[in-house]
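> okay, structure incoming, though there's no sequence with it:
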């Protein structure tokens, strides 16, 4: 539910605040063509692999997407980042190992592949 998503975001935010790294804003898309809740059953430009969420964040925060990285573990994450003009990092945790061969089969090439989000962040700093 939307409430569960927002509760999860609050929990994540609390952990990031402990590390002096607050998150400015969370973006998510509740819409899906097969959503169980009818009001969310629709195509939407924010639904990955469409770049809508990324483009909105870029507009909201004046972000240069060509100098930005999208880190994800799913084929749609990488494709959304590419569609938005970002560099992309596939992490092999989560579903990353599962989607790596699928990306290759579909000629979708992330800019980098790392073992996990920590190694992705290390690559960036």
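Yep, it's here. Given the structure is predicted, the values throughout are model-derived calculations rather than measurements.

> next SSE after the longest helix anywhere in the chain?
For the chain, the longest helix by residue count, based on DSSP state H, is helix 2-18. Downstream of helix 2-18, the next assigned helix or strand under DSSP states H and E is helix 52-61.

> that older thread, show me the contact partners of the longest helix of the chain.
Outside helix 2-18, the residues within contact range by C-beta atoms under 8 Å, 6 or more residues apart in numbering are 22-23, 26, 28, 30. C-betas here are computed from N, CA, C, even on glycine.

> among those, which one sits closest to residue 122?
When the contacts of helix 2-18 are compared for distance to residue 122 (C-beta to C-beta), residue 23 wins out at 19.4 Å.

> phi first, then psi, for that closest one.
phi -90, psi 130 (degrees, to the nearest 10).

> now do residue 69
phi -120, psi 140.

> name the helix or strand for the nearest residue to residue 75 once chain neighbours are set aside, please.
Distances taken as C-beta to C-beta, 6 or more residues apart in numbering put residue 99 closest to residue 75, at 4.6 Å, once the chain neighbours are dropped. In this assignment (DSSP H and E), residue 99 forms part of helix 96-105.
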